[in-house]
Structures are given as structure tokens and as C-alpha cells.
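Visitor: need the 3D shape of this:
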Amino acid sequence: MRIGLQLGYWGAAPPPNAEELVLEAEGAGFDSVFAAESWGSDAFTPLAWWGSRTRRVRLGTSVAQVAARTPASCAMHALTLDHLSGGRCVLGLGVSGPQVVEGWYGAPFAKPLARTREYVSIVRQVLAREAPVRNDGAHYRLPYDGPGSIGLGKPLRPITHPLRADLPIWLGAEGPRNVAQTAEIADGWIAVYYSPRVAGMYEDWLAEGFARPGARRSRAEFEVAATCQVVVTDDPAAERAKLKPSLALYIGGMGAPGMNFHAELFRRMDYGEVVDDVVRLFGEGRREEAVAAVPDEVVDDVAIIGDAEVVRTRVAEWEKAGVDTLLVGCRETGHIRSVSAALGLGG
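Guide: Got it, this is the predicted structure:
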């Protein structure tokens, strides 16, 4: 099992100890460092800035939002970071949700699967650099020939030769169709709120994608990276309580009413009544009650909390369930060291 440090996205200001965390993670045997974006900080700049102090860990976006950049621009970001890091970039992409895509980026959200497929195809064309990049799909046209075009667009290849044509592209996906497409066209899957209890369901979704004609990878070649809070502690109850506000927010407050992909994920895990309660309470502004409505079982399904022996046992369970990498959020160097020691990562 590989362990990655999930830096996430920034709040009101940059985390003051992020560089310290990155260096500690590399020294403690972590495999990778990932950064995210929402509608504030971006995912690439922190990796370039803090990653410049590292020599070994992979540097991944988890996730870069498809609506934030054109496919060609995203490919430029990835090939630049890959060169600067000596081939350590992992390009994680995701569609986000309609509130962010249409409200923040001013772009349409409809048909996210088809949009993602075109996006990935263009990024791969740029990285392959075999011919000028063209795309005549419904979502991205290269050269552009739509409204406002003056007809002078020219297909281009990147001036800079990409370091790796096969730079890994991972997709963040939650629903069955998204996960199946991820298995078909990507090199890895970034799973949010993964639960080994329903691993069979996930494997069925993945298998559908791998079975499609022209699928890029086999299951053995594909990497599953799951976001998972791992906490080594003798007081698991206290640590569960710390995670419940975030879970309540994602279940009850992230996404538009009737279109919250996180809530649907927990429904598929047979927590329909919990989701209904949390969504209702959150919508009524009763946030403390929404947090209290998240049972311990939900936390234990998607997180690993306990003493060192419990952590080792449960990490082994996640690995057996098909997870290759755990992306762990750590805000203190002591947290990194405790995870490393429990799992015997070494330096």
C-alpha cells in the first residue's frame, strides 16, 4: 500500500506549515503529495512551489477541475510540472459540480462524461506530440470554428517536447458511469469516500470499463487511489467527532439540492436515512444537529482510526479490497510520523 499526503485546497489563506508537511512526508516514506482546488487556490502552483524542495515523491492534482482550463492549457500545466519535477507529475482531473462550474467558471456543466472524454483525448494528443492537435467534438473544437471565430485558427503541436507521453491521468469519479469511463480512458481512479464494505460494487463498475473495446489499461495496470483519513490514536471517539463536521458538510451542503454527488455516494452505501436526515437538517440551517446525525458507522466506513495495530489491520483490508494508494490529510508533522511508524514506511 502506498501512502500519499493530501494537502487539499486552501481556506482563507495558505496553510503556514505546508512546506514542512511536504518535506516530512517525503522523509517519512510517503509516496506522493497531492493538492486540490475549489474556487480559491489552484492545484498546480502549490505542487510546483513546495514540490521543488523534494526529490522523490510524486506530485499530483486531486483534482484539477476540468472547467478551470481548456484541455490544451491543462496539458501545458502538466507537461511543465512534469519537466520541473523530473517526471513526477500525476494529472488528476475531475468535473466538480454545477454550482462551481456554472457559478464560478461560467461554463456549462451538461454532459460531463462526454466532456471529460474529449478533454482527456486532447490532453493525450498534446502529450503525445505526434501531430498538430485537432478535435471536432461537441465540447471542444480545435481549431475553434464556432461563434466569434475569424477562421484563422491553426492546429498546433506544443513547442515544448513533453517529458513523458504517458504521463498518468487519473480521474476523480463517484457514480457507476463515471467510474466505468475512468477505467476505460484513464490510468487511475481517485475515489472519494471509498468504503471496502462495498468494494465489490466498485470493482463491478471498473470491470465494465476495462471490458470496453480500446480500454487503455487492464485492472492490474490501473491505480486506485482513495482519499482516507488515517489517524493513529488511543481515543478513536474523539477523532471520529473531529471528522463528522466535514462529512455532514459534504453530505448535506456540497452540491445543489437534488444534485449532490457525495450524498448519492452514501446512499449507495445504504445510508439513505442518514443522508435524508443530514440533508434536511443542513438545509434548515441546523448544522450542529446535522453533524450529530452522522453515526460512528459512517465515519468508520470511510476512515481508518485506532491504535497502531488497528490501523495496520484496516489498511491491509483496504489493500485487499483493491486500493493501491491512500491519500491521507495530515495537518501536523506528528500525524505524518505516526502514520509512517504504524505502517512501517521508513525514510
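Visitor: my guess is Gln229 meets Val328, correct?
Guide: Yes. With the criterion set as C-beta atoms under 8 Å, Gln229 and Val328 qualify as a contacting pair; they are 6.6 Å apart. Bear in mind the C-beta positions are built from the backbone N, C-alpha and C, glycine included.
Visitor: how far does the helix or strand of the chain with the lowest mean pLDDT sit from its chain's centre?
Guide: Comparing helices and strands within the chain by mean pLDDT, DSSP states H and E singles out helix 261-268 as the least confident, with a mean of 87. A distance of 16 Å separates the C-alpha centroid of helix 261-268 from that of its chain, computed with C-alpha atoms, centre = their mean, to the nearest Å.
Visitor: show me what it is packed up against.
Guide: Using 3 or more C-beta pairs under 8 Å, 6 or more residues apart in numbering; DSSP states H and E as the contact criterion, the elements in contact with helix 261-268 are helix 236-252, helix 272-283.
Visitor: how close does the residue nearest the centre of the chain sit to Gly92?
Guide: For the chain, the residue whose C-alpha lies nearest the mean C-alpha position (C-alpha atoms, centre = their mean) is Ser62; its distance is 3.5 Å. Distance from Ser62 to Gly92, counting by C-beta to C-beta, to the nearest Å: 5 Å.
Visitor: and what of Ser149?
Guide: Using C-beta to C-beta, Ser149 is found at 32 Å from Gly92.
Visitor: so Thr325 makes contact with Gln6?
Guide: No. When contacts are counted by C-beta under 8 Å, Thr325 is not listed as touching Gln6 (10.5 Å).
Visitor: which of the two has more residues huddled nearby?
Guide: The neighbour count for Thr325 versus Gln6, taken as other C-beta atoms under 10 Å, is higher for Thr325 (26 against 21).
Visitor: list the residues that contact that one.
Guide: Residues near Thr325 by C-beta atoms under 8 Å, 6 or more residues apart in numbering: 1-4, 31-32, 223-226.
Visitor: tell me the confidence at it?
Guide: Predicted confidence (pLDDT) at Thr325: the value is 98.
Visitor: strands of this protein, start to end?
Guide: Applying DSSP state E to the chain gives strands spanning 2-6, 32-35, 58-61, 64-65, 89-94, 135-136, 141-142, 169-172, 188-191, 223-227, 229-232, 303-306, 325-328.
Visitor: among those strands, which is nearest Val120?
Guide: Proximity to Val120, assessed across these by C-beta to C-beta, is greatest for strand 169-172 (6.0 Å).
Visitor: packing partners for that closest one?
Guide: Right, strand 169-172 is packed against strand 89-94, helix 112-128, helix 176-185, strand 188-191 by 3+ C-beta pairs under 8 Å, 6+ apart.
Visitor: before we move on, the earlier item: quick one, which of Ser149 and Gly92 is more surrounded?
Guide: Relative neighbour count places Gly92 above the other of Ser149 and Gly92, with 26 against 11, counting by other C-beta under 10 Å.
Visitor: pretty sure that one contacts Trp170?
Guide: Yes. Gly92 lies in contact with Trp170 (C-beta under 8 Å); the separation is 4.5 Å.
Visitor: intersection of neighbour lists for these two?
Guide: Once C-beta under 8 Å, 6+ apart is applied, the residues that Gly92 and Trp170 both contact turn out to be 60, 62, 188, 190.
Visitor: enumerate every residue touching the last one.
Guide: Contacts for Ile190 were tallied using C-beta under 8 Å, 6+ apart; they are 62-63, 92, 94, 170-173, 225-227, 327.
Visitor: name the nearest of those residues relative to Ala75.
Guide: Nearest to Ala75 among these is Gly92, at 13.8 Å by C-beta to C-beta.
Visitor: low-confidence regions, the chain specifically.
Guide: For the chain, residues meeting the criterion pLDDT under 70 lie at 255-259, 347.
Visitor: give me the domain ranges for it.
Guide: Structurally, the chain divides into domains by automatic domain parsing as follows: 2-229+310-341, 234-306.
Visitor: need the phi and psi values for the residue nearest to the centre of the chain.
Guide: In terms of degrees, to the nearest 10, the main-chain angles of Ser62 are phi -140, psi 80.
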